[in-house]
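# coordinates only, no sequence provided:
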Ligand code: NDP
């Protein structure tokens with residue numbers, strides 16, 4: 001049956017409500033991204049401790065040279081290394097803060113951890129690994145095991161160093177090498193350095209008054225303390241647990257806590273949109289019939305397809321730019337209202353149901369998918385503490401306080417997220433002429449494809465700004481990894497020592513990024529969150545390339561087709 005046409009006034013009223021909810025939140029938190037802290041020193045140092053590392057193995061400082069050095073050992077490093085090995089590169093080192101490879105999947109081991117991108121698309125190198133995921137959506141442990149299997153297959157453990165944080169990455173013009181120092185006293189050299197330290201890697205805490213006075217136990221979701229909770233959360237049977245934040249991590253954790261904890265308080269500032277998550281075990285008959293190269297074909301299809309999003313479909317047949325925008329917005333609102341109806345159908349208490357409704361456009365925040373999150377609020381041991389956009393602003397020795405009411409907790413879990421896409425800026429990266437990368441970026445980020453930046457030869461950045469940000473991040477990272485491997489191979493094949501983008505190529509790309517970001521005010525209109533720098537003003541170039549994933553991929557190819565125009569090369573040996 002066709003959906004009844006709604007008058008435009010219906011949509012306009014909802015848009016007005018979106019604006020009100022956004023402004024309410026902006027008024028509560030003028031400091032934008034400053035409201036968070038990720039400097040875990042002093043009383044906060046315990047939030048950075050790696051609970052999975054065990055005892056730190058002693059080792060002597062390393063002072064050697066490798067051809068390619070990765071800062072970070074997550075998917076970026078793994079999938080790029082596979083391509084580098086295919087091109088015959090033998091000397092590859094991963095330097096990783098954790099005690100193993102895996103990145104996100106090393107750190108995030110909270111109960112219920114899973115990925116809600118379809119596993120056959122999310123897990124990289126399935127053809128190369130000859131592996132078919134167990135379920136339609138992979139659980140965290142399977143993904144971590146896949147990371148470890150990749151590292152084994154490509155011999156990446158041989159030179160890898162773990163429990164090690166890079167402290168400085170400095171270009172030495174005299175010997176045309178990067179000099180890398182670490183917190184373990186290492187002084188390594190590398191011809192090529194790849195910043196692969198993750199898009200959402202550094203945990204952050206909401207900087208809440210009195211938080212260090214809390215006398216109970218507390219940790220961040222990415223440092224889950226199973227010693228305290230028990231492996232199956234069995235130690236929480238007599239514990240009152242609070243969780244601050246209702247993003248994608250909390251959405252997976254709350255249903256697990258609800259199964260065992262004596263009581264769970266969920267402290268909400270902005271609700272997530274929760275859609276259906278249908279999962280099933282991989283059909284063995286389907287898996288058996290898969291032909292070699294099946295994942296590559298799947299990926300090629302994605303890259304070849306015209307991007308046909310909800311918004312693009314809705315805009316079809318529009319007769320003006322204004323009409324197109326209106327249709328897109330209305331389609332977005334229809335989606336969000338379906339999310340609202342789903343809440344009404346599932347959540348028994350009308351007040352709780354109302355509080356769980358997200359009032360913003362689809363994709364203003366990362367959409368979530370879960371079948372047990374909403375029903376958890378029907379359990380007598382789960383209470384939603386809705387802070388109406390304000391958030392928790394005070395914690396005392398017993399727990400959070402909201403509107404004068406204290407919540408006495410045994411355990412407080414911070415599900416407050418991560419620093420976003422600062423991958424290229426950590427580690428004090430110093431390029432030619434002693435220029436610090438943060439200083440270069442002081443007037444705005446400048447890169448070519450989000451990967452190269454002029455004055456930093458042989459440095460490649462993965463998952464940083466000015467690249468295309470994809471819902472399926474590994475797909476984007478694989479294109480970057482392929483591109484980087486092709487660039488390094490070119491340098492070797494041509495007998496050069498260094499590759500550095502030209503200022504012109506960089507200026508062209510910054511222009512591309514700016515032109516696409518200027519097309520709509522969508523990001524500014526959104527409720528604050530990490531997608532829009534918490535609603536704070538930011539320079540147009542300090543964000544992602546919004547021209548679409550397919551165009552981003554095509555641009556990579558175009559850049560490589562004109563290597564001599566887009567880069568300067570030096571040190572030809574023959
Ligand atoms: P997010 O940044 O998405 O969420 C942080 C949460 O903390 C928000 O709900 C935020 O509210 C809330 N918050 C911050 N300060 C306060 C406060 N003072 N009082 C109350 N609430 C507060 O972090 P996550 O770890 O949940 O997710 C990060 C990203 O990791 C995801 O967006 C996703 O990309 C990825 N991820 C993917 C998963 C998957 O595949 N299913 C699972 C988990 C994570 P507000 O919204 O108002 O800012």
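That came through fine. Keep in mind that this is a model prediction, so the values were computed, not measured.

# got a list of what residue 218 touches?
Shown in contact with residue 218 (CB atoms under 8 Å, 6 or more residues apart in numbering): 47, 411, 412, 413, 414. The way it works is simple: take the backbone N, C-alpha and C, and place the C-beta from them, glycine included.

# what of residue 95?
Applying CB under 8 Å, 6+ apart, we find residue 95 in contact with 69, 70, 71, 72, 73, 160, 161, 164, 166, 180, 182, 188.

# and it, its phi and psi?
When read as degrees, to the nearest 10, the backbone of residue 95 gives phi -110, psi 120.

# within range of the ligand, give me the residues from the stretch 151-300 of the chain.
Proximity of the stretch 151-300 of the chain to the ligand is confined to 200, 206, 208, 221, 244-250, 252, 267, 269-270 under the rule CB under 6 Å from any ligand atom.

# wait, which of the residues you listed is closest to residue 385?
In terms of CB to CB, no member of those lies closer to residue 385 than residue 267, at 4.9 Å.

# count of neighbours near residue 385?
Neighbour count of residue 385, defined by other CB atoms under 10 Å: 18.

# who are the packing partners of the host helix or strand of it?
Counting by DSSP states H and E, the element that carries residue 385 is strand 382-386. Here strand 382-386 is seen to pack against strand 263-268, helix 350-355 when contacts are counted using 3 or more CB pairs under 8 Å, 6 or more residues apart in numbering; DSSP states H and E.

# now it and strand 263-268, what's the angle there?
Counting by axes from the mean of the first three to the mean of the last three CA atoms, to 10 degrees, strand 382-386 lies at 20 degrees to strand 263-268.

# past strand 382-386, which element shows up next along the chain?
Going C-terminal from strand 382-386, and assigning secondary structure by DSSP H and E, you next hit strand 394-395.

# so what does that following strand touch, helix or strand wise?
Secondary-structure packing of strand 394-395 (3+ CB pairs under 8 Å, 6+ apart): strand 400-402.

# helices of the stretch 1-150 of the chain, residue ranges please.
8-28, 75-86, 104-107, 119-122, 126-129, 140-153 (DSSP state H, counting those that start in this stretch).

# next helix or strand past the last one?
Secondary structure here is assigned by DSSP H and E; on that basis, the next helix or strand after helix 140-153 toward the C-terminus is strand 166-172.

# most neighbours per residue, which of the helices and strands packed on strand 382-386?
Mean neighbour count (mean count of other CB atoms under 10 Å) peaks for strand 263-268 among these, with a mean of 24.

# before we move on, the earlier item: show me the residues of the stretch 151-300 of the chain next to the ligand that map onto strands.
Using DSSP state E to define strands, the subset of those located there is 206, 244, 267.

# and the strand of greatest length in the chain, which strands flank it?
For the chain, the strand reaching the highest residue count under DSSP E is reported as strand 187-195. Partner strands for strand 187-195, per DSSP bridges, with pairing direction: strand 65-71 (parallel), strand 177-182 (antiparallel), strand 459-461 (parallel).

# make a markdown table out of those strands and add mean neighbour count, distance to residue 362 and mean pLDDT.
Putting these into a markdown table (neighbours: other CB atoms under 10 Å; distance: least, CB to CB, whole Å; pLDDT from 0 to 100) gives the following:
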| stretch | mean neighbour count | distance to residue 362 | mean pLDDT |
| --- | --- | --- | --- |
| strand 65-71 | 24 | 35 | 98 |
| strand 177-182 | 21 | 42 | 97 |
| strand 459-461 | 27 | 30 | 96 |
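
# turn these into a markdown table, columns for distance to residue 431.
Output for the strands paired with strand 187-195, formatted as a markdown table (distance: least, CB to CB, whole Å):
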| stretch | distance to residue 431 |
| --- | --- |
| strand 65-71 | 15 |
| strand 177-182 | 10 |
| strand 459-461 | 7 |
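
# got the buried residues for the longest strand of the chain?
Burial within strand 187-195, assessed by neighbour count using 16 or more other CB atoms under 10 Å, is assigned to 188, 190, 191, 192, 193, 194, 195.

# just name the closest of those residues to the ligand, please.
For the buried residues of strand 187-195, the closest approach to the ligand (CB to the nearest ligand atom) belongs to residue 195, at 19.3 Å.

# returning to what we had before: and the strands paired with strand 187-195: which comes nearest residue 131?
Residue 131 lies closest to strand 65-71 among the strands paired with strand 187-195, at 22.1 Å (CB to CB).

# show the average pLDDT along stretch 243-255.
Here the mean pLDDT over stretch 243-255 is 98, rounded to a whole number.

# ok, and what's touching that stretch?
108, 110-114, 116, 206, 208, 221-222, 257, 264-272, 274, 365-366, 368, 370, 372-373, 375-376, 382, 392, 400, 412-417.

# any of those residues buried? List them.
For those, burial is judged from neighbour counts taken by 16+ other CB under 10 Å, and it is met by 108, 110-114, 116, 206, 208, 221-222, 257, 264-272, 274, 365, 368, 370, 372-373, 376, 382, 392, 400, 412-417.

# tell me which helix or strand residue 484 sits in.
helix 473-493.

# just the helices in the stretch 301-450 of the chain please.
According to DSSP H, counting those that start in this stretch, the helices that the stretch 301-450 of the chain contains are 310-315, 321-346, 350-355, 373-376, 437-440.

# what sits closest to residue 219 if chain neighbours are left out?
Using CB to CB, 6 or more residues apart in numbering and skipping residues adjacent in sequence, the residue nearest residue 219 is residue 225, 5.0 Å away.

# now do residue 414
Once its chain neighbours are removed from consideration, residue 414 has its nearest residue in residue 220; the separation is 4.7 Å (CB to CB, 6+ apart).

# contacting residues around that neighbour?
Listed by CB under 8 Å, 6+ apart, the contact set of residue 220 reads 47, 203, 205, 413, 414, 415, 416.

# of all those, which two lie farthest apart?
Between all members of the contacts of residue 220, the farthest pair (by CB to CB) comes out as 47 and 415, at 12.7 Å.

# from residue 392, how far off is the residue of the stretch 301-450 of the chain found nearest the ligand?
The nearest approach of the stretch 301-450 of the chain to the ligand comes at residue 417, 2.5 Å away (CB to the nearest ligand atom). When distance is defined by CB to CB, to the nearest Å, residue 417 is 14 Å away from residue 392.

# and the strand holding residue 385, which strands flank it?
Strand 382-386 sits in its sheet next to strand 263-268 (parallel), going by DSSP bridges.
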